[in-house]
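In: would you be able to build a 3D model of this:
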Amino acid sequence: MSNVYYGDYLQLNKILGAQEPESDKINKEAHDEMLFIIIHQSYELWFKQILHEVGSVMNILQKPKINDNSPELQLVAHRLNRTIEILKVLVQQIDILETMTPLDFLDFRDLLRPASGFQSMQFKILEAKLGLKSIERFGKEYYVSQLRPEDRQQILDLDGEKTLIELINAWLERMPYANESKYWPHENSDEHPFWQGYRQTYLDSLLDNELANIEEFDKLFFPADAELIGPRKLSLKARRSALFIMLYRGFPLLHLPYRVINHLMEIDEQMATWRYRHMNMVHRMIGKRVGTGGSTGKNYLKNAMDSHYVFSELAELTSFLAERSRMNRLPDDLARELGFSA
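Out: Residues are numbered from 1 along each chain as shown. Now for the predicted structure:
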């Protein structure tokens, strides 16, 4: 029988002994510094768990074959959903931090310089693993400048590693239902019967003041020259597959793929919500003063919030949905396969 003791198993001596307020070292009264430390330590523990979940999802998606109706894809959806719930907790923790007033913060703020949440390695690693490249970051020249040399190199090296959005792109590309001639016999690849038919369906669904949307539709789904639409995280084949999943998610075989796509969009949403709450908290706490790490405070956080979406190309596909009553009928053999019918 195991003889594990609660405090030993959780290593509580290490965890509960890891709070060392700078104000205590100089015998200065700063009651809220303990709260500040514990909140940020909690963030780092949750970042560790998110990296654990995202890492497991990436390991599954890197396998040569994935069955879209398998326990493995169920795990992908489940662990992405857990990541979302953790991100919600991170947002809620700001409510606790905001019980600290600006004057409470000033009691110890200057003692923290140049330390800053901007130096959180785990958060930077998470963004990189999701798919945010260094070149895409707002203030990319400043982004790693506050890190120690070894940490800076570790972040830069992640640019060369496979990311979650790249694995999602490969997963979507191999889905046959929206693209392969097996389901859509045609001679000319530029005249795919499903996509030609759906283009007309989508066009018919647009209001007069939305007709310009068809130009964007053509650019994304019938590109004459891929370079004209600029760099994209999702290929043409992946975009088509993702939109097909969104359109026909009611079929049993597409339930899990749709959940995966929806969870990825919500991860972006929750991270943006966290950045938004963080930005407003910083503005409330320090106004227009610079952050302890030397950033421009609220202005930096606002620009990062606007530009650091990873899965925005999935979210933009909702612009190209048509209502169910207009949906194209799928070929009987494809409908049977998607519905597990004999």
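In: from the chain's centroid, how far away is the helix or strand harbouring Leu45?
Out: Element membership for Leu45, per DSSP states H and E: helix 33-61. The chain centroid and the centroid of helix 33-61 are separated by 14 Å, computed with C-alpha atoms, centre = their mean, to the nearest Å.
In: list the buried ones in that helix?
Out: Using 16 or more other C-beta atoms under 10 Å as the test for burial, helix 33-61 gives 33, 36-38, 43, 46-47, 50-51, 53-54, 57-58, 60-61. Heads up, the C-betas are built off the backbone N, CA and C, glycines and all.
In: so Arg107 sits against Ser23, correct?
Out: Residue 107: Asp, not Arg. Yes - here Asp107 reaches Ser23: they are 7.0 Å apart, a contact under C-beta atoms under 8 Å.
In: what's in contact with stretch 63-75?
Out: Ser56, Val57, Ile60, Trp171, Met175, Pro252, Leu253, Leu254, Leu256, Pro257, Val260 (C-beta atoms under 8 Å, 6 or more residues apart in numbering).
In: quick one, which of the residues you listed are buried?
Out: Among the contacts of stretch 63-75, the ones that count as buried by 16+ other C-beta under 10 Å are Val57, Ile60, Trp171, Met175, Leu253, Leu254, Leu256, Pro257, Val260.
In: in helices only, show me the residues you listed.
Out: Val57, Ile60, Trp171, Leu256, Pro257, Val260 (DSSP state H).
In: ok, the fifth one - contacts?
Out: Pro257 makes contacts with Asp68, Leu73, Met175, Ile245, Arg249, as judged by C-beta under 8 Å, 6+ apart.
In: and the first one, helix, strand or coil?
Out: To tie it back to what came earlier, the one meant is Asp68. coil (DSSP: H, G, I helix; E, B strand; the rest coil).
In: what about it, distance to Ile261?
Out: According to C-beta to C-beta, to the nearest Å, Asp68 and Ile261 sit 12 Å apart.
In: repeat for the second one
Out: From Leu73 over to Ile261 the distance is 12 Å, taken as C-beta to C-beta.
In: one step back: most surrounded residue in the contacts of Pro257?
Out: Highest neighbour count within the contacts of Pro257: Ile245, with 27 neighbours (other C-beta atoms under 10 Å).
In: next, the contact list for that residue, please.
Out: By C-beta under 8 Å, 6+ apart, the neighbours of Ile245 are Leu172, Met175, Leu254, Pro257, Tyr258, Ile261.
In: pLDDT score for it?
Out: Reading off the confidence values, Ile245 has pLDDT 96.
In: with Lys288 instead?
Out: Confidence score, pLDDT, at Lys288: 69.
In: likewise Ala224?
Out: 78.
In: OK, contacts around it?
Out: Contacts of Ala224 by C-beta under 8 Å, 6+ apart: none found.
In: list phi and psi for it.
Out: phi -70, psi -30 (degrees, to the nearest 10).
In: distance of Phe123 from Ser307?
Out: The value you get for Phe123 to Ser307, if C-beta to C-beta is used, is 16 Å.
In: the more surrounded of the two?
Out: Taking other C-beta under 10 Å, Phe123 and Ser307 do not tie; Phe123 has more neighbours (18 against 13).
In: if you skip the residues just before and after it, what's nearest to that one?
Out: Phe47 (5.8 Å; C-beta to C-beta, 6 or more residues apart in numbering).
In: close enough to count as contact, that neighbour and Gln122?
Out: Yes - with contact defined as C-beta under 8 Å, Phe47 reaches Gln122; the gap is 3.8 Å.
In: average pLDDT for the host helix or strand of Asp306, rounded please.
Out: Taking DSSP H and E as the criterion, Asp306 maps to helix 298-307. The average pLDDT within helix 298-307 is 75.
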